[in-house]
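Visitor: Build me a model from this:
(2 chains)
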Amino acid sequence: MNPKTTSYFDVIHPGILTTIQDLGRYGQSHLGLTSGGPADKQAFLWANRLLNNAENCPVLEVNVGGLKLIATTATTIAVTGANAPLTINGHSKDTWRSHRVNPDDEIEIGFATQGCRIYLGVVEGFVVESQFNSVSTVIREKVGGINGGALKAADRLFYESSPKQPLYALYANDIPRYANLITARVVTGYQFDLFERSELAKFFSNEYQVSAQYDRMGYRLSGPAIQSNISQLLSEGICNGAIQIPPDGQPIVLSVDRQTIGGYPKLGSVLSLDLDLLMQTSQGATVHFEPISIHYAHTLLHLAKAKYTETKLIKVAL
Amino acid sequence: MQQVVHYPQIEIAGEGAVIIYLDKVANNTTIKKISQLKHSIARVLADSVVELVPSYASLLVIFDPIKTDYYAVKKVLSALLEEDTSEIESTHKTIELPVYYSLESGPDLQSLANRSGLSVEDVIEIHQKTIYHVYAIGFAPGFAFLGEVDERIACPRLASPRAKVAKGSVGIADRQTAIYPNVSPGGWNLIGLCPQTLFDPDVAPYLTYQVGDSVKFDAITRHEFLALGGQL
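Guide: Numbering: from 1, shown residues only, chains lettered A, B, ... in the order given. Prediction:
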């Protein structure tokens, strides 16, 4: 693709796994395409909000860190998500705020110390050709982003050059806290009623650890095995956050890059607000599950939406 | 504990998702009903539904829980399920796909024949004489699960999946059959190759079939396969 803009970041170091994401690809499951989108939607939304962008503007999702970019023209960026050292021309900068960038500036994101996914947005978003109504990269499907893959050295990340604009930051109290011990609230559903009550009690009263197998498709956990006497299911649609119980009884929480259908029994789905926090954890983190009703889940989502809308940003400079 | 389940059933799937089970088993009638229901829901709940995933005997309905809620969605779905759809004309197509069945294009054809106690010719004949129905699309872009394979040639997945299955490979797993639309890992028993591109991400409508459609395979010769652009 040849975008009209001539402004871009040169990718010097692509990082461990960096992809371009918007809010996701919907209405394409008839082709077998999954949604993709940001693993931590709240951090993604804040990156765009700090830039006064529309919600769905394309942002970089930097997994773990190790990114280095050089700007060709002036623009404004914002960095949110996992705690990771951000520097511009070697000078340490705060995350959860926007920063002015000048031509030839070197932007570096080091490795995350708490959380594992960092979001870097630019004014008006990265300019990428959309595929099936979204730019979200799903590597397994080779769809979205730059040629359906992760960022590579020497890639160019195009953006529209923009005039100077106000810089914003988030109040410290409004910044999400990423922890190694989280409670994931679960809207019970799917085959929930077919599990023995003793197995459900086991699931909700024990702690599970994030195993070595955790990625944007899903988090495989380890802990007391959950048994099910459920005979083989026909494959069925899987929603974001669904908790699968495979034959070995070790739960898998499915996320944005999950396959659209699957045949393992499921207990319900993790509340999106908590799934965002789970997706910031790494191997060894502890997860505790708590059942909630659909009614309570709706209430929590509306409250979170109201809080997000009402949150005031700090205007840091012009 | 034995539970008596009445269909259709609407269950919660997540904070913004419900799943409708139309039946315990999948067959041609169920999947066509699901496909019709999908179109009705897309029309009636256009403002709040973000994704509809039909699969075998169920339909997952994903909605925006800020714009609407479980109770409102369930009410609409219950009403739609009560509507008589028998009069609605089916929009489903039958797609004919050429397949070059042979030992060179189907590396598991011989072992499947041995396992079934049939000749290779019989396996091919049985596979291509059945009319299949698209029960689900998933696993990979454009991958359609087709059923049901004649019991005589049903065969479990390979004990160890192949790292690389060729584009167009026709496979059997249990009582399902499918064509790999692209190179991918896979554990199905491969019996032939289809020269036709099934999923093209650059050209609308991208995919040859949709859930509820019927598929028929036609055996072709090596020469025809190559003439249609097939590669060995």
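Visitor: What residue spans form the domains of the chain?
Guide: Assuming you mean chain A. Described in terms of automatic domain parsing, the domain architecture of chain A consists of the residue ranges A:7-171, A:181-307.
Visitor: Chain B, not that one
Guide: With domains defined by automatic domain parsing, chain B comprises B:9-82, B:94-227.
Visitor: would a markdown table of these with mean neighbour count be doable?
Guide: In this view, the C-beta of every residue, glycine as well, is placed from N, C-alpha and C. Formatted as a markdown table, the domains of chain B follow (neighbours: other C-beta atoms under 10 Å in any protein chain shown):
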| stretch | mean neighbour count |
| --- | --- |
| domain B:9-82 | 19 |
| domain B:94-227 | 18 |
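Visitor: For A:L271, which of those domains is the nearest?
Guide: domain B:9-82 (5.8 Å; C-beta to C-beta).
Visitor: so how far is the closest one off the chain centroid?
Guide: Its chain's C-alpha centre and that of domain B:9-82 lie 18 Å apart, by C-alpha atoms, centre = their mean, to the nearest Å.
Visitor: mean confidence for that domain?
Guide: On average, the pLDDT along domain B:9-82 is 96.
Visitor: and among the domains of chain A, the most buried is which?
Guide: Neighbour counts (mean count of other C-beta atoms under 10 Å in any protein chain shown) averaged over each of those peak at domain A:7-171, with a mean of 20.
Visitor: That domain near chain B anywhere?
Guide: Yes - using C-beta under 8 Å from any C-beta of the partner chain, domain A:7-171 comes into contact with chain B via A:26-27, A:29-33, A:35, A:131-132, A:140-141, A:143.
Visitor: returning to that earlier point: quick one: the domains of chain A as a markdown table, columns for distance to B:A17 and mean pLDDT too.
Guide: Output for these, formatted as a markdown table (distance: least, C-beta to C-beta, whole Å; pLDDT from 0 to 100):
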| stretch | distance to B:A17 | mean pLDDT |
| --- | --- | --- |
| domain A:7-171 | 12 | 97 |
| domain A:181-307 | 4 | 96 |
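Visitor: so which of these comes closest to B:Y206?
Guide: Going by C-beta to C-beta, the one of those nearest B:Y206 is domain A:7-171, 5.7 Å.
Visitor: How far does the closest one stretch from one end to the other?
Guide: The first and last residues of domain A:7-171 sit 31 Å apart, counting by C-alpha to C-alpha, to the nearest Å.
Visitor: just to revisit the earlier point, adding distance to A:Q42 as columns, could you present the domains of chain B in TSV?
Guide: Putting these into TSV (distance: least, C-beta to C-beta, whole Å) gives the following:
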stretch	distance to A:Q42
domain B:9-82	14
domain B:94-227	28
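Visitor: Quick one: closest of those domains to chain A.
Guide: Shortest separation from chain A across these is recorded for domain B:9-82, at 2.6 Å, computed as C-beta to the nearest C-beta.
Visitor: Figure out which of the domains of chain A is closest to B:Y71.
Guide: In terms of C-beta to C-beta, the element of the domains of chain A nearest to B:Y71 is domain A:181-307, at 8.4 Å.
Visitor: Could you list every helix and strand that the host helix or strand of B:Y135 packs against?
Guide: Under the criterion DSSP states H and E, the helix or strand holding B:Y135 is strand B:132-137. Contacts defined by 3 or more C-beta pairs under 8 Å, 6 or more residues apart in numbering or on different chains; DSSP states H and E place strand B:132-137 against helix B:28-44, strand B:49-55, strand B:144-147, strand B:214-219.
Visitor: coming back round to it: right, and the pair among the residues of domain A:7-171 next to chain B with maximum separation?
Guide: When the residues of domain A:7-171 next to chain B are compared pair by pair using C-beta to C-beta, the farthest-apart members prove to be A:G27 and A:R140, with a separation of 19.2 Å.
Visitor: Show me the helices in chain B, by range?
Guide: When assigned using DSSP state H, the helices of chain B occupy the ranges B:28-44, B:70-82, B:109-116, B:120-129, B:222-227.
Visitor: Tell me which helix or strand comes right after the helix or strand harbouring A:V11.
Guide: Counting by DSSP H and E, the element that carries A:V11 is strand A:7-14. Using DSSP H and E, the next helix or strand after strand A:7-14 towards the C-terminus is strand A:17-21.
Visitor: now that next one and strand A:7-14, what's the angle there?
Guide: Using axes from the mean of the first three to the mean of the last three C-alpha atoms, to 10 degrees, one finds that strand A:17-21 and strand A:7-14 are set 150 degrees apart in direction.
Visitor: Specify the angle between the helix or strand following strand A:17-21 and strand A:17-21 in degrees.
Guide: Downstream of strand A:17-21, the next assigned helix or strand under DSSP H and E is helix A:41-49. The directions of helix A:41-49 and strand A:17-21 differ by 70 degrees, with the same axes, to 10 degrees as the criterion.
Visitor: Tell me which strands the next helix or strand along the chain from helix A:41-49 pairs with, and in which orientation.
Guide: Per DSSP H and E, helix A:41-49 leads on to strand A:59-63 as the next helix or strand towards the C-terminus. In the sheet, strand A:59-63 lines up against strand A:17-21 (antiparallel), strand A:114-122 (antiparallel) (DSSP bridges).
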